[in-house]
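Q: structure for the following, please:
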Amino acid sequence: QVQLVESGGGLVQTGGSLRLSCAASGRTFSTYAMAWFRQTPGKEREFVAAINWSTGSTYYADSVNRRFTISRDNAKNTVYLQMNSLKPEDTAVYYCAASRTVISGTVRSYDYWGQGTQVTVSS
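A: Numbering: from 1, shown residues only. I've put the predicted structure just below:
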């Protein structure tokens with residue numbers, strides 16, 4: 001089992017920045033990839049970004065490319081999401097996820113999930 005705990009959400013104005021953190025514990029050696037997803041009420045969970053835990057290769061949704069950066073600190077078992085130039089449409093609950101086997105933009109590919117952290121961007 002892998003436990004994931006997100007932090008860093010909050011309220012920010014349009015154009016501002018936030019950095020989310022996700023601390024992993026437990027059987028972290030089995031992690032192949034980690035990712036961030038987001039969800040707003042009444043909508044499906046949406047892929048944001050993913051990172052290969054070993055190689056550091058990254059993947060982004062088109063909607064956040066060049067504004068968001070995913071990174072990881074292997075020594076701290078932590079993944080980050082640096083969010084710049086935030087827009088009101090970025091408002092959502094952001095979830096951290098871990099996969100044992102693949103790197104993907106689909107929810108079903110991920111085995112473990114955090115509880116989520118709220119990000120609100122005011123206009």
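Q: can you tell me, leaving aside adjacent residues, what's nearest to Arg72?
A: For Arg72, the nearest residue in space outside its immediate sequence neighbours is Val79; the separation is 4.6 Å by CB to CB, 6 or more residues apart in numbering. Yep, even glycine has a C-beta here, placed from its N, CA and C like the rest.
Q: I'd say the one you found and Ile51 touch.
A: Yes: contact criterion CB atoms under 8 Å: Val79 and Ile51 qualify, at 6.4 Å.
Q: so between these two, which is more surrounded?
A: Set Val79 next to Ile51 and count neighbours by other CB atoms under 10 Å: Val79 wins out with 29 against 23.
Q: pLDDT value on the residue nearest to Arg72, please?
A: Val79 is assigned a pLDDT of 97 by the prediction.
Q: Gln118 too?
A: According to the predicted model, the pLDDT of Gln118 comes to 98.
Q: that one - that's part of a strand, no?
A: Yes: with DSSP: H, G, I helix; E, B strand; the rest coil as the criterion, Gln118 is located in a strand.
Q: excluding its backbone neighbours, what's nearest Cys22?
A: Of all residues beyond its chain neighbours, the one nearest Cys22 is Cys96 (3.4 Å), with distances taken as CB to CB, 6+ apart.
Q: so that neighbour is in contact with Leu4, correct?
A: Yes: with the criterion set as CB under 8 Å, Cys96 and Leu4 qualify as a contacting pair; they are 4.8 Å apart.
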